[in-house]
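Student: next one to model:
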Amino acid sequence: MRLISCVATSLLASLAGILPASAADIDLIGVFPGKAVLVVNGGNPKTYSVGSSIVENIKLAGVGSGTATLEQNGKRQTLQLGEHFNRAAPSGQASITLHPDSRGHYITQGQINGGAVRMLVDTGASMIALPAEDATRLGIDYRKGQIAYSSTANGVKPVYRVKLDTVRIGDIQLNQIDATVHESGLPIILLGMSFLNRTDIRREGETLTLLKRY
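Tutor: So this is what the prediction gives:
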């Protein structure tokens, strides 16, 4: 298992298609008087003032105690902290839109077995890969999983194969996903091909969208 240092370049070179311009995915991660902290399309957190535009046709209409209200074409939806808003792609498929961070990596907020996580999109990982610390936090008894061995810079290390009940990013939720748990050498959860193979990946410039296939 390897962490691709230039994941943006490798992804964009190998993927084809067009990102629906109207897709939007918004997570509420903080609320202050008159302001909300949002993660838009998997990007970096940004603070928005009430009345300001978030993306095309969506604005921040108000904030409350741990809530934010978004308005799209006159219709309002209130989010609790940790909840997300999804404006689906025109096809109606569940989707999420991602933008690279300053290092060119595609990192997204999500959930595994109902617990909040951050994941790095990695097409070089055959499965979702979790650090042992994250697996334990999520209540995964990984040592009951099938043991295998992986060659790392620090020698051969054991890894444990497990089955994740649910994995969710944006509006996409998949069930019974294969994953591996690593006790060392993994700084972040890798969103690997056991999840990505069940999505269509499209691009427009540096922007990626994942659309649920099945």
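
Student: what about stretch 201-214, distance to the chain center?
Tutor: Mean-position distance between stretch 201-214 and its chain equals 12 Å (CA atoms, centre = their mean, to the nearest Å).

Student: any buried residues in stretch 197-214, and which?
Tutor: Neighbour-count burial for stretch 197-214, counted by 16 or more other CB atoms under 10 Å, picks out Thr199, Ile201, Arg202, Arg203, Thr207, Leu208, Thr209, Leu210, Leu211, Lys212. For every residue, glycine as well, the C-beta is placed using N, CA and C.

Student: and the pLDDT for Gln109?
Tutor: Gln109 carries a pLDDT score of 90 in this model.

Student: now Glu183
Tutor: In this prediction, Glu183 has a pLDDT value of 93.

Student: so can I have JSON lines of the buried residues of stretch 197-214 showing pLDDT?
Tutor: Below are those laid out as JSON lines (pLDDT from 0 to 100):
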{"residue": "Thr199", "pLDDT": "89"}
{"residue": "Ile201", "pLDDT": "85"}
{"residue": "Arg202", "pLDDT": "81"}
{"residue": "Arg203", "pLDDT": "77"}
{"residue": "Thr207", "pLDDT": "83"}
{"residue": "Leu208", "pLDDT": "85"}
{"residue": "Thr209", "pLDDT": "87"}
{"residue": "Leu210", "pLDDT": "90"}
{"residue": "Leu211", "pLDDT": "88"}
{"residue": "Lys212", "pLDDT": "89"}
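
Student: what are the contacting residues of stretch 29-46?
Tutor: For stretch 29-46, contacts defined as CB atoms under 8 Å, 6 or more residues apart in numbering pick out 23-28, 47-50, 54-55, 60, 63-68, 81-82, 96-99, 101, 106-109, 169-170, 207.

Student: could I get the buried residue list for that stretch?
Tutor: Applying a neighbour-count criterion of 16+ other CB under 10 Å, one finds Ile29, Val31, Lys35, Ala36, Val37, Leu38, Val39, Val40, Asn41, Gly42, Gly43 buried in stretch 29-46.

Student: show me those residues that map onto helices.
Tutor: With helices defined by DSSP state H, no entry of these lies inside them.

Student: just give me the least confident of these.
Tutor: pLDDT across these is lowest for Gly42, at 74.

Student: other SSEs contacting the longest strand belonging to the chain?
Tutor: Using DSSP state E, we find that the single longest strand of the chain is strand 155-169. Packing partners of strand 155-169 (3 or more CB pairs under 8 Å, 6 or more residues apart in numbering; DSSP states H and E): strand 107-112, strand 146-152, strand 172-182.

Student: quick one: strands adjacent to that strand?
Tutor: Strand 155-169 has the following strand partners under DSSP bridges: strand 107-112 (antiparallel), strand 146-152 (antiparallel), strand 172-182 (antiparallel).

Student: and those strands, which one averages the lowest pLDDT?
Tutor: strand 146-152 (a mean of 85).

Student: over to Ser126: give its phi and psi.
Tutor: phi -70, psi -30 (degrees, to the nearest 10).

Student: what sits closest to it if chain neighbours are left out?
Tutor: Spatial nearest neighbour of Ser126, chain neighbours left out: Met193 (5.4 Å); criterion: CB to CB, 6 or more residues apart in numbering.

Student: shaky segments in this protein?
Tutor: Applying pLDDT under 70 to the chain picks out residues 1-23, 86-92, 214.
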